[in-house]
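J.: structure here, sequence nowhere to be found:
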């Protein structure tokens with residue numbers, strides 16, 4: 001007698017004890033200029049969101065309005081707070097702050113200088129991308145320093161939220177580091193996530209799995225984002 005049982009393809013179900021992380025890049029921050037440098041917080045540039053960034057934050061909140069989000073986290077830099085604010089208002093959640101998830105420290109090129117040098121295609125920028133190493137920038141954090149710091153910050157969140165879904169609003173360099181660690185890819189394989197984008201990690205039994213990268217379907221009407229650079 002033949003077995004008539006059929007076997008469908010299965011849909012992802014979060015494993016017991018796992019933490020799902022929606023890793024969100026902040027909205028577009030204001031433009032840099034030599035005449036108007038970014039204010040600094042603990043030595044790091046802290047620009048506010050541009051009008052486009054505020055629009056991206058609103059669209060992000062609408063995209064996630066129906067998601068069962070248990071907690072929201074931001075860094076100590078204001079652009080993550082501003083991006084998370086519309087979502088936190090909808091969800092009636094007070095965001096937690098994890099300073100270890102702040103952007104890569106750009107050393108002598110903080111305050112907007114990095115962005116200016118990048119647009120000028122400065123030789124150090126070229127070398128940074130060729131070597132895929134942040135430490136090429138004068139005084140900047142190295143990849144190893146960044147990786148250790150952001151891994152510690154994410155683990156702090158994971159340890160508090162088994163069997164939950166959390167939204168974590170961070171920075172381009174941080175997303176690049178965490179996803180490279182999760183996938184064991186080249187260091188800069190995931191650098192350059194779009195402003196307002198969503199990437200999706202699952203943490204389970206000490207391992208990170210990547211389910212989604214740079215989802216921007218909610219931003220189809222948000223025009224003008226600078227997508228190539230961190231900070």
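T.: Ah, there it is. Predicted model, so just to flag it, every value in this text is computed and none were measured. Numbering: from 1, shown residues only.

J.: mind listing residues that contact the helix ranked longest in the chain?
T.: When the chain is parsed with DSSP state H, its longest helix is helix 143-160. By Cβ atoms under 8 Å, 6 or more residues apart in numbering, the surrounding residues in contact with helix 143-160 are 19, 21, 71, 73, 96, 98-101, 104, 132-135, 141, 166, 168, 173-174, 177-178, 180-181, 187, 203. The C-beta positions use only the backbone N, C-alpha and C, and glycine is treated the same way.

J.: do me a favour and average the pLDDT over stretch 84-97.
T.: The average pLDDT within stretch 84-97 is 98.

J.: just to revisit the earlier point, taking the contacts of helix 143-160 one by one, which sit in strands?
T.: 19, 21, 71, 73, 96, 166, 168, 203 (DSSP state E).

J.: circling back: buried stuff in the longest helix of the chain?
T.: For helix 143-160, the neighbour count (16 or more other Cβ atoms under 10 Å) marks 143, 146, 147, 149, 150, 151, 153, 154, 157, 158 as buried.

J.: looking only at pLDDT, what's the mean for that helix?
T.: 98.

J.: swap in stretch 181-200?
T.: Averaged over stretch 181-200, pLDDT sits at 98.

J.: start to end distance for that stretch?
T.: One end of stretch 181-200 sits 14 Å from the other (Cα to Cα, to the nearest Å).

J.: next up, the contacts around the nearest residue to residue 93 once chain neighbours are set aside.
T.: The shortest distance from residue 93 to any non-neighbouring residue, by Cβ to Cβ, 6 or more residues apart in numbering, is to residue 72 (5.0 Å). Counting by Cβ under 8 Å, 6+ apart, residue 72 touches 84, 87, 88, 91, 93, 95, 96, 166, 167, 168, 169.

J.: would you list those residues in JSON lines and tack on neighbour count and distance to residue 111?
T.: Shown next, in JSON lines, are the contacts of residue 72 (neighbours: other Cβ atoms under 10 Å; distance: Cβ to Cβ, whole Å):
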{"residue": "84", "neighbour count": "26", "distance to residue 111": "23"}
{"residue": "87", "neighbour count": "25", "distance to residue 111": "28"}
{"residue": "88", "neighbour count": "19", "distance to residue 111": "28"}
{"residue": "91", "neighbour count": "20", "distance to residue 111": "33"}
{"residue": "93", "neighbour count": "16", "distance to residue 111": "31"}
{"residue": "95", "neighbour count": "20", "distance to residue 111": "25"}
{"residue": "96", "neighbour count": "14", "distance to residue 111": "27"}
{"residue": "166", "neighbour count": "20", "distance to residue 111": "31"}
{"residue": "167", "neighbour count": "25", "distance to residue 111": "28"}
{"residue": "168", "neighbour count": "27", "distance to residue 111": "25"}
{"residue": "169", "neighbour count": "29", "distance to residue 111": "22"}
